[in-house]
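> here is the input, now give the coordinates:
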Amino acid sequence: MNSVAVMRASVFFEGDEAPAKRSRFWLLLTLASVIASAGLVGNSAATVIGAMIVAPLMTPILGIVLATVLGDRRNLLRSWLFVVGGGAAAVVIGYLVGLMVVSPVVASTDPEIASRVSPDLIAMLAAVATGAVGAIALVRSDISDTLPGVAISISLVPPLATVGLTLESGAPSEALGAFLLFVTNVAAILATGVVVLAAYRIAEVGQLGERPKKPDASGRDAAGATRRIPSNRRAIAITLVSLVLIGIPLAAASVRFTQQSVLEYSVRQAADPWVDEHDLVIEHLDTDGDRARLQVSGQPPQPDTASLVDALQAHGIDPADVTVEFIPAYELPLEQ
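Numbers count the residues shown, from 1 in each chain. As a prediction, the model looks like this:
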């Protein structure tokens with residue numbers, strides 16, 4: 001297991017190397033924000049992944065975890081300032097990149113944006129597991145080489161860049177969704193990180209300068225000294241409560257997305273035979289709440305919808321909740 005001194009050197013901005021760590025953080029954060037913004041605008045998943053590897057936000061987040069467990073208020077405040085300041089900088093950079101783009105960068109036109117504006121419980125589950133791996137990698141030197149994988153698995157800078165891009169594009173609701181994804185990831189990392197470090201009894205190691213030995217029933221260790229075991233219950237409780245509070249809107253979003261997916265699947269199942277019957281093509285099918293919009297194209301005249309109504313009712317769908325848009329397709333001869 002890594003010593004507390006090694007852990008502090010890994011995640012705290014203190015000591016003689018603090019200036020170099022600070023300059024490295026801001027340099028990497030700026031570059032990662034530009035890369036993430038460019039990847040989102042260009043709809044390039046590979047570029048966005050590259051930004052996730054470069055992004056340095058995981059360091060101060062783990063710094064918050066370690067400072068919370070050790071009760072180090074100075075480094076706790078310092079780490080929070082880096083997270084908040086770095087997050088604000090990433091949003092500003094995303095906004096500035098958006099100013100250079102002619103067309104709006106929103107979910108309807110960019111799949112990379114769409115994947116980051118509607119977080120659900122699955123996103124929290126991934127963040128919880130990622131936080132656990134990051135904390136364990138901080139403690140154990142034998143698996144510390146997994147940190148690049150941790151950086152890839154968690155999305156920190158891309159959601160912040162999404163906030164800036166969507167704000168500039170006039171889509172505040174999408175910006176709020178992306179910000180919720182970032183907050184979810186941070187809260188999950190903090191919660192699981194504190195629990196993992198508490199399980200490793202890092203607070204005791206920090207106080208005693210060695211791996212703690214199990215005290216006997218009288219509270220004395222092997223050397224006969226009475227040992228005061230620091231309590232992490234308050235820190236763990238606060239982080240877990242925060243995770244639960246964030247989980248409430250995510251759970252509601254998950255239920256809504258599930259209902260929309262079920263509705264979309266049912267409408268498609270009902271529409272496929274009708275489309276084949278009239279030689280039509282489904283151009284688009286989406287859902288909004290309890291309603292669905294089916295867009296089809298084909299040659300005139302307008303197709304009869306009686307069989308579609310029957311099929312929708314057979315699938316338990318009220319036809320009044322489905323809107324069908326017919327796009328006539330004409331064949332135009334080219335004159336010589």
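> which other residues reach stretch 158-173?
Stretch 158-173 is contacted from outside by 33, 36-37, 39-41, 48, 51-52, 87, 90-99, 101, 104-107, 112-113, 116-117, 174-175, 178-179, 181-182, 185, using CB atoms under 8 Å, 6 or more residues apart in numbering. Where you see a C-beta, it was placed from the backbone N, CA and C, and this is true even at glycine.
> just to be sure, Asp286 is in a helix?
No - per DSSP: H, G, I helix; E, B strand; the rest coil, Asp286 lies outside any helix segment and is strand.
> domain map for the chain?
By the assignment in automatic domain parsing, the chain contains the domains 4-199, 261-328.
> Leu334: which of these is closest?
Across the domains of the chain, Leu334 has its closest neighbour in domain 261-328 (18.0 Å, CB to CB).
> what's the end-to-end length of that closest one?
End-to-end distance of domain 261-328 (CA to CA, to the nearest Å): 28 Å.
> repeat that for stretch 49-58.
Stretch 49-58 has an end-to-end distance of 15 Å (CA to CA).
> next one: that stretch to chain centre, how far?
Mean-position distance between stretch 49-58 and its chain equals 13 Å (CA atoms, centre = their mean, to the nearest Å).
> what of stretch 103-113?
Centre-to-centre, stretch 103-113 and its host chain are 17 Å apart (CA atoms, centre = their mean).
> cool, and stretch 51-67?
Computed by CA atoms, centre = their mean, the chain-centroid distance of stretch 51-67 equals 14 Å.
> what mean pLDDT does it get?
Averaging the model's pLDDT scores along stretch 51-67 yields 89.
> list the buried residues of it.
For stretch 51-67, the neighbour count (16 or more other CB atoms under 10 Å) marks 51-52, 54-67 as buried.
> what's the end-to-end length of it?
Across stretch 51-67, first to last residue, CA to CA, it's 27 Å.
> cool, stretch 104-117 as well?
End-to-end distance (CA to CA), stretch 104-117: 15 Å.
> what residues sit buried inside that stretch?
Residues of stretch 104-117 classed as buried by neighbour count (16+ other CB under 10 Å): Pro104, Val105, Val106, Ala107, Asp110, Glu112, Ile113, Ser115, Arg116, Val117.
> and those, which is closest to Ser10?
Nearest to Ser10 among the buried residues of stretch 104-117 is Arg116, at 28.2 Å by CB to CB.
> so the closest one sits in a helix?
No - using three-state DSSP, the assignment for Arg116 is coil, not a helix.
> OK, contacts around Asp304?
By CB under 8 Å, 6+ apart, the contact list for Asp304 reads His278.
> that one and Ala311: what is the separation?
Counting by CB to CB, to the nearest Å, the gap from Asp304 to Ala311 is 13 Å.
> same question, Ala129
42 Å.
> those two - which one has more neighbours?
A direct count of neighbours by other CB atoms under 10 Å for Ala129 and Ala311 places Ala311 higher, at 20 against 15.
> at the geometric centre of this protein, which residue sits there?
Leu181 (4.1 Å; CA atoms, centre = their mean).
> now do the phi/psi pair for that one.
The phi/psi pair for Leu181 (degrees, to the nearest 10) reads phi -60, psi -40.
> hang on, isn't it packed against Ser115?
No - Leu181 is beyond contact range of Ser115, at 9.5 Å (criterion: CB atoms under 8 Å).
> what's the helix or strand for the nearest residue to Ala9 once chain neighbours are set aside?
Nearest in space to Ala9, with sequence neighbours left out and distances taken as CB to CB, 6 or more residues apart in numbering, is Gly15 at 7.4 Å. Secondary structure assignment for Gly15, by DSSP states H and E: no helix or strand.
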